[in-house]
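>>> Here is my input; please provide its structure:
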Amino acid sequence: MKAVWILLFAAASTAAQSTCAASGTVTDRVTGQPVARAKLMVQAGRGIRSGQTDNSGRWSIAELPCGRAAISASRFGYLDSRQTRSITAPVQLEPGSPAQVGIELTPQAVITGKVSDQNGDPVMGVRVVPYIERAEAGRRVMQPAPQTVSDDRGEFRIPQLEPGRYIVCAEPAPGEQGYGTECYPADLSSGAREAMSVRPGMETNADFTLREAWRVRVSGRVTGAPDGMPVSVQLAQRPAAMFGPRMGTAAAADGSFSFPAVAPGSYLLVASSGANGKQYSGRAPVEVGNAALENISLSLGPDVDIAGTVEMESSASAAAPGSPEVNIALVSVERDGRPGQVEWSDDRHSFTIAGVSPGTWSLRITGPDVHVKSATLDGRDVTSGDFTVSEAPGALRIVVSRESGALEGEATASDSAAAGWIVLLRDGSPLRSFPAENGHFTARNLPPGDYTVYAWDDLRTVEYAEPDWMRQNASAGVAVTVTAGQTANIKVPLQTAPSDY
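Below you'll find the predicted structure:
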């Protein structure tokens with residue numbers, strides 16, 4: 001009996017030590033005030049527990065599995081953590097005392113306004129799109145944010161916006177007689193120079209007066225389509241060709257097409273067709289003025305196949321260089337291209353990327369224990385830059401190497417590890433970026449050479465691919481040399497990304 005009680009006592013003690021707790025506060029990132037009735041979510045072990053803050057912004061959740069936990073908070077009127085690129089480090093729950101976790105929520109930004117005509121009358125059903133300025137892969141772009149349409153009073157309200165710099169456009173349905181697109185405070189092509197600042201927790205107003213736009217006929221002919229197959233033709237506004245309004249039509253049997261009412265501006269003309277499993281496409285920029293634009297000729301070309309080889313530079317390894325772990329992909333710079341399908345030979349030393357649409361592409365090659373030494377397409381270096389694919393692109397030759405090095409380190413703030421984003425530049429050119437969730441990071445399969453390593457708390461405003469921007473804003477990079485077969489250890493100061501509002 002005594003042995004049974006000892007076993008029961010030990011089991012009870014183990015059970016008591018296997019549960020942990022967490023508590024803390026939720027505050028407004030702008031005002032510092034507590035946020036009442038915020039919802040808490042704790043993901044620990046295989047389960048999810050929820051809770052809520054009291055009127056003083058405090059919360060506490062008990063009986064949690066010990067170990068790593070992800071804790072997040074949300075509240076109506078505040079941005080969800082998924083809308084930001086800031087990194088929240090996992091929390092380590094230990095028996096004995098509750099983990100103390102402070103969470104800041106960013107209040108939403110809101111854009112409101114009214115769409116009227118020249119007489120001051122409201123215009124209903126106009127699409128209103130805010131475009132936010134963001135850094136994507138280290139370069140500035142204008143990205144569409146959540147949008148809406150004007151109501152029967154011509155009014156609109158767009159909540160749940162991130163703070164930042166915006167250009168807002170009122171975009172009447174293309175092809176309709178009457179109004180042209182209006183943007184505030186400037187045209188999209190002006191980008192950062194004229195974008196307006198939208199701050200967290202604030203409502204920013206943007207009113208539009210739509211003017212009757214001169215409309216002209218745009219017409220032409222598509223050639224090169226398969227006999228008897230339908231041809232789709234689209235005219236999309238630039239520079240937001242991928243996101244902005246577009247009008248479409250079907251070409252006639254002889255390839256002719258017509259858009260009867262097009263407002264002056266910059267457009268991208270895109271046509272496509274297909275037959276027997278093969279796609280054909282073509283695109284061309286079009287400038288529309290105050291006179292009819294006729295006799296446009298757009299030639300379609302078939303999707304192409306790119307044949308290539310993968311070679312291993314090092315002769316020390318007998319393993320097949322094109323092993324299943326080596327992955328090849330094309331990324332469309334225009335964002336709407338067809339990247340094709342990679343088909344490997346049996347020995348995986350050669351491949352064909354079948355069905356690549358003409359356009360501008362970049363190459364992505366990944367795989368464990370290798371790095372890309374070089375990549376050439378028809379003799380042109382395409383290792384890191386963009387390249388154009390048209391008809392008969394030539395052979396793609398990829399050389400990889402196992403003579404790689406590695407980096408291990410941590411992003412630091414006040415001499416402690418801090419969650420953030422790591423950016424690697426090799427010889428001044430960006431190589432890769434990745435998160436360091438708890439401040440610690442490892443980068444493997446790096447080409448030997450000289451690197452500069454940076455850490456930021458947020459990458460949304462960091463133009464690390466722009467040398468001028470880096471010279472002005474990146475002051476805490478750490479220089480390090482990566483040597484084949486070795487791992488370099490470094491500590492990188494965490495920088496605060498510059499505010500964009």
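
>>> Once you drop chain neighbours, what's closest to Phe434?
Excluding its sequence neighbours, the residue lying closest to Phe434 (CB to CB, 6 or more residues apart in numbering) is Ile422, at 5.7 Å. Just so you know, the C-beta spots here come from the backbone N, C-alpha and C atoms, and that holds for glycine as well.

>>> which residues sit in contact with the one you found?
Ala411, Ser433, Phe434, Pro435, Ala436, Phe441, Ala443, Val453, Tyr454, Ala455, Val492 (CB atoms under 8 Å, 6 or more residues apart in numbering).

>>> Arg157 pairs with what?
Thr112 (DSSP bridges).

>>> What of the one 10 residues further on?
Beta-bridge pairing of Ile167, defined through DSSP bridges, involves Tyr131.

>>> from memory it sits against Ser197, does it?
No. Taking CB atoms under 8 Å as the definition, Ile167 is not a contact partner of Ser197, at 11.5 Å.

>>> If you count surrounding residues, which of the two has more?
Neighbour totals were compared for Ile167 and Ser197, and Ile167 leads with 25 against 14 (other CB atoms under 10 Å).

>>> In contact with the more buried one, which residues?
130-131, 133, 142, 183-188, 190-191, 194-196.

>>> on that earlier part again, so which of the contacts of Ile422 is the closest to Glu212?
Ser433 (46.8 Å; CB to CB).

>>> Looking at the contacts of Ile167, spot the one nearest Leu298.
Leu188 (24.2 Å).

>>> Measure how buried the closest one is and give me the count.
For Leu188, the neighbour count with other CB under 10 Å is 22.

>>> Let's see the pLDDT reported for Arg364.
At Arg364, the model reports a pLDDT of 89.

>>> and what of the one 10 residues further on?
As summarised for this prediction, Ser374 has a pLDDT of 90.

>>> check which helix or strand covers it.
Following DSSP states H and E, the helix or strand that holds Ser374 is strand 371-377.

>>> Name every sheet partner of that strand and say whether each one runs parallel or antiparallel.
In the sheet, strand 371-377 lines up with strand 380-381 (antiparallel), strand 396-401 (antiparallel) (DSSP bridges).

>>> and among these, the most buried is which?
strand 396-401 (a mean of 20; mean count of other CB atoms under 10 Å).

>>> May I have that one as PDB, with CA atoms only?
Only the C-alpha atoms of strand 396-401 are listed here, as PDB (Å, rounded to 0.1, in the frame of the first residue of the first chain):
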ATOM      1  CA  LEU A 396      19.700  26.900 -69.700                       C
ATOM      2  CA  ARG A 397      22.900  25.700 -68.000                       C
ATOM      3  CA  ILE A 398      23.000  25.600 -64.200                       C
ATOM      4  CA  VAL A 399      26.100  24.800 -62.200                       C
ATOM      5  CA  VAL A 400      25.700  24.000 -58.500                       C
ATOM      6  CA  SER A 401      28.300  23.400 -55.900                       C
END
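
>>> Go ahead and name everything in contact with that strand.
The contact list for strand 396-401 (CB under 8 Å, 6+ apart) reads 306-314, 321, 326, 328, 353, 363, 365, 367, 370-377, 382, 447.

>>> List the contacts of Arg127.
Contacts of Arg127 (CB under 8 Å, 6+ apart): Gln147, Thr148, Val149, Ala170, Glu171, Pro172, Ala173, Pro245.

>>> Sort out which of the contacts of Ile167 are buried, if you could.
Listed as buried from those are Pro130, Tyr131, Glu133, Met142, Cys183, Tyr184, Asp187, Leu188, Gly191, Ala195, Met196; burial here means 16 or more other CB atoms under 10 Å.

>>> From the residues you listed, which shows the smallest pLDDT?
Gly191 (68).

>>> Poorly predicted segments of the stretch 1-150 of the chain, please.
By pLDDT under 70, the weakly predicted segments of the stretch 1-150 of the chain are 1-17, 81-89.

>>> Would you map the helices across it?
Secondary structure of the stretch 1-150 of the chain (DSSP state H, counting those that start in this stretch): helices located at 2-17.

>>> Which pLDDT value goes with the nearest residue to Ser475 once chain neighbours are set aside?
Of all residues not flanking Ser475 in the chain, Gln495 sits nearest, at 7.5 Å (CB to CB, 6+ apart). For Gln495, the pLDDT comes out at 94.

>>> next one: Arg338
88.
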